[in-house]
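**Q** Next input, structure requested:
(one chain, ligands or ions: 1)
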Amino acid sequence: MSHLDHTPSTPGKFKMDKSAYPYHGGRLRWHSSLAKLTFWSFVFIGVIFIFFYRSPSSSSSSSAAAATSSSSSRFHSDPSRRSLRTSSWGGPAWEKKVRTSARIRSRNGFSVLVTGAAGFVGTHVSSALKRRGDGVLGLDNFNDYYDPTLKRARQALLERAGVFIVEGDINDAALLKKLFEVVPFTHVMHLAAQAGVRYAMQNPGSYVHSNIAGFVSLLEVCKEATPQPAIVWASSSSVYGLNTKVPFSEKDRTDQPASLYAATKKAGEEIAHTYNHIYGLSLTGLRFFTVYGPWGRPDMAYFFFTKDILNGKSIPIFEGENHGTVARDFTYIDDIVKGCLGALDTAQKSTGSGGKKKGPAQLRVFNLGNTSPIPVTNLVTILERLLKVKAKRNVMKLPRNGDVQFTHANISLAHRELGYKPTTNLQTGLKKFVRWYLNYYSAAGKKADAR
Ligand SMILES: O=C(O)[C@H]1O[C@H](OP(=O)(O)OP(=O)(O)OC[C@H]2O[C@@H](n3ccc(=O)[nH]c3=O)[C@H](O)[C@@H]2O)[C@H](O)[C@@H](O)[C@@H]1O
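**A** As a prediction, the model looks like this:
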């Protein structure tokens, strides 16, 4: 007789072994442990629910999903980031704003999606495009890497110029798809990124989130679009890393990044190659060299030096080994804007559509610098003169946190192909920056006083 033969023909009549069910009290205990298990399961699920509900990334994706009834809205995890919320989007009024902002108003104009539109370069490029009659739609997640008030002020500026900025993250694929459904963008100017060289040691995840995952998320949507847009995007001079041969040329090696920031930008260049190769996307990377000017980024040296000099605080000025000069090819924002527009104007169409490549497409990379490296000490001297305040200089050794000692761009390729020709020297550019800085912060101070 096999053990299967013990199974009764009617399960209900199966006789329990006494040892398994010894007495009535056992049943009670079993019931109470089931109740406990149920209770603690509810507590556990509740805690998980509260955790996700309160986390900024999930709340953003849920509001986005609610607004569009899309289930694929995703915000990839970046717990270290404090403010990555997507405000609600979708609906007829929202779509109308998107369409109006992106409407082309000149013959042969473009409709451009500008990511990072509330950022420094994004604001300037968006307003220049709008001025010449292109349709422009902004996208920005308004994160708090630096004072979001400044980003909101830039947003207000663009709003007055007729540019609407959608609040959202480039990792939100559902939002990106929706934008392409509403507007068949001819171009994408991709400037959304986690910037800053030194911050990468504090928050490495934010670089992967924005500069790698975010870029791929954007390219995934662009490759599926019909028509596919041409993409111009911000790489960085930092890809030259530890190179000592100057000036830096696009032909030089870029496989020795000195910071995670540089490594993510270099990864972006490789990713661009892949999407160009497989899907026929037209891609142009621009290696910006230390861009500065009005409406700039408060995390950059020229900006916080100005603030600290005015406040009588000492400023850390880096120097190399044996008092070696640390210098940058500082490039003024208006010159960079011209380079960006030149890249958009010369970008050829992508060749694929709906995720299928139809032929080879353009793949380019350009240096956008000033071709004149200036020591950081000279930058400070210029600021002292413009601010009429002596700086408290604290000269220190260049920390090992990703900074390189020297940058210098060879711009002959950009000159030849984009007509790029920078015209603003550091003295002139900083004068414009300081004028803006004093105006902006005195107005902000007055507003605060009035409150
Ligand atoms: O060219 C680029 O691609 C990069 O330019 C800048 O990076 P960086 O040149 O390091 O600009 P700052 O952080 O403003 O530093 C400017 C110079 O001041 C020096 N510095 C910085 C900070 C400080 O406390 N003291 C100091 O002497 C740096 O070593 C550097 O030589 C931007 O911050 C990056 O986002 C950008 O990608």
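
**Q** mind listing what's buried in stretch 358-375?
**A** Residues 361-371, 373-374 are the ones in stretch 358-375 that count as buried (16 or more other C-beta atoms under 10 Å). (Glycine included, C-beta is placed from N, CA and C.)

**Q** tell me the mean pLDDT for that stretch?
**A** Summarised as a single mean, pLDDT over stretch 358-375 is 98.

**Q** just to revisit the earlier point, select from the buried residues of stretch 358-375 every entry located in helices.
**A** Among the buried residues of stretch 358-375, no member is found in helices (DSSP state H).

**Q** Strands - which of these land there?
**A** When DSSP state E is applied, the buried residues of stretch 358-375 are split such that 363-368, 374 fall in strands.

**Q** The ligand contacts on the stretch 351-451 of the chain?
**A** 376, 403 (C-beta under 6 Å from any ligand atom).

**Q** ok, now the chain?
**A** 195-197, 236-238, 288-290, 300-301, 316-318, 326, 328, 376, 403.

**Q** what sits against residue 353?
**A** Neighbouring residues of residue 353 by C-beta atoms under 8 Å, 6 or more residues apart in numbering: 225-228.

**Q** If any of these are buried, put those into a ChimeraX selection.
**A** Command for ChimeraX that selects the buried part of the contacts of residue 353, burial taken from 16+ other C-beta under 10 Å:
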select :225,228
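
**Q** closest to residue 438 among the contacts of residue 353?
**A** Nearest to residue 438 among the contacts of residue 353: residue 225, at 44.0 Å, using C-beta to C-beta.

**Q** So the closest one is in contact with residue 180, correct?
**A** Yes: the criterion here is C-beta atoms under 8 Å, and residue 225 meets it with residue 180 at 4.7 Å.

**Q** Poorly predicted segments of the stretch 51-200 of the chain, please.
**A** Across the stretch 51-200 of the chain, residues meeting the criterion (pLDDT under 70) sit at 51-87.

**Q** Closest one of the buried residues of stretch 358-375 to the ligand?
**A** Using C-beta to the nearest ligand atom, residue 369 comes nearest to the ligand of these, at 8.1 Å.

**Q** Mind exporting the C-alpha coordinates of stretch 183-201 to CSV?
**A** The C-alpha trace of stretch 183-201 is given here as CSV (Å, rounded to 0.1, in the frame of the first residue of the first chain):
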residue,chain,number,x,y,z
VAL,A,183,4.1,68.5,-29.6
PRO,A,184,6.1,66.9,-32.4
PHE,A,185,9.3,68.6,-31.3
THR,A,186,11.9,69.1,-34.1
HIS,A,187,14.7,69.5,-31.6
VAL,A,188,15.6,68.8,-28.0
MET,A,189,18.1,71.0,-26.2
HIS,A,190,19.0,68.8,-23.3
LEU,A,191,20.6,70.8,-20.5
ALA,A,192,19.0,69.1,-17.4
ALA,A,193,21.9,67.7,-15.4
GLN,A,194,23.4,67.4,-12.0
ALA,A,195,26.2,69.9,-12.4
GLY,A,196,29.2,70.7,-10.2
VAL,A,197,32.4,68.9,-9.9
ARG,A,198,33.0,68.7,-6.1
TYR,A,199,29.4,67.9,-5.0
ALA,A,200,29.8,64.5,-6.7
MET,A,201,31.7,63.3,-3.6
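
**Q** Checking residue 415 next. Helix, strand or coil?
**A** helix (DSSP: H, G, I helix; E, B strand; the rest coil).

**Q** how close does it get to residue 338?
**A** 11 Å (C-beta to C-beta, to the nearest Å).

**Q** residues shared between the contacts of those two?
**A** Joint contacts of residue 415 and residue 338 (C-beta under 8 Å, 6+ apart) are residue 421.

**Q** What are the boundaries of the strands in the stretch 151-300 of the chain?
**A** Listed in chain order, the strands of the stretch 151-300 of the chain (DSSP state E, counting those that start in this stretch) span residues 164-167, 187-190, 230-236, 283-288, 291-292.

**Q** Does residue 352 touch residue 280 like I think?
**A** Yes: when contacts are counted by C-beta under 8 Å, residue 352 is listed as touching residue 280 (3.4 Å).

**Q** between these two, who's got more neighbours?
**A** residue 352 (25 against 22; other C-beta atoms under 10 Å).

**Q** Next one, pLDDT for that one please.
**A** pLDDT at residue 352 comes out at 94.

**Q** ok, residue 345 - contacts?
**A** By C-beta under 8 Å, 6+ apart, the neighbours of residue 345 are residue 418.

**Q** Look up which helix or strand it falls in, please.
**A** Following DSSP states H and E, one finds residue 345 within helix 333-346.

**Q** what number of residues lie near residue 315?
**A** 19.

**Q** helix or strand for it, which one?
**A** Assigned by DSSP H and E, residue 315 belongs to strand 314-319.

**Q** by contact count, what packs against that strand?
**A** Here strand 314-319 touches helix 301-310, helix 376-387, strand 392-397, going by 3 or more C-beta pairs under 8 Å, 6 or more residues apart in numbering; DSSP states H and E.

**Q** And that strand, what's buried?
**A** 315, 317-319.

**Q** can you redo those residues as JSON lines with distance to residue 436 and pLDDT?
**A** Formatted as JSON lines, those follow (distance: C-beta to C-beta, whole Å; pLDDT from 0 to 100):
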{"residue": "315", "distance to residue 436": "20", "pLDDT": "98"}
{"residue": "317", "distance to residue 436": "23", "pLDDT": "98"}
{"residue": "318", "distance to residue 436": "25", "pLDDT": "98"}
{"residue": "319", "distance to residue 436": "29", "pLDDT": "97"}
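
**Q** Go through those and name the one nearest residue 308.
**A** Using C-beta to C-beta, the buried residues of strand 314-319 come closest to residue 308 at residue 315, 5.0 Å.

**Q** who's in contact with the closest one?
**A** Neighbours of residue 315 in contact, by C-beta under 8 Å, 6+ apart: 304-305, 308-309, 380, 391-394.

**Q** now it: how far from residue 244?
**A** From residue 315 to residue 244 the distance is 27 Å (C-beta to C-beta).

**Q** what do you get for residue 313?
**A** On the measure of C-beta to C-beta, residue 313 and residue 244 end up 34 Å apart.

**Q** got it, and residue 397?
**A** Distance from residue 397 to residue 244, by C-beta to C-beta: 18 Å.

**Q** what does residue 234 give?
**A** From residue 234 over to residue 244 (counting by C-beta to C-beta), the distance is 25 Å.

**Q** Contact partners for the residue lying closest to residue 254 once chain neighbours are set aside?
**A** Nearest residue to residue 254, sequence neighbours excluded (C-beta to C-beta, 6 or more residues apart in numbering): residue 239, at 4.3 Å. Applying C-beta under 8 Å, 6+ apart to residue 239 gives the contacts 254, 257, 262, 265-266, 269, 287.

**Q** now do residue 350
**A** 222, 227-231, 279-282, 361 are the contacts of residue 350 under C-beta under 8 Å, 6+ apart.
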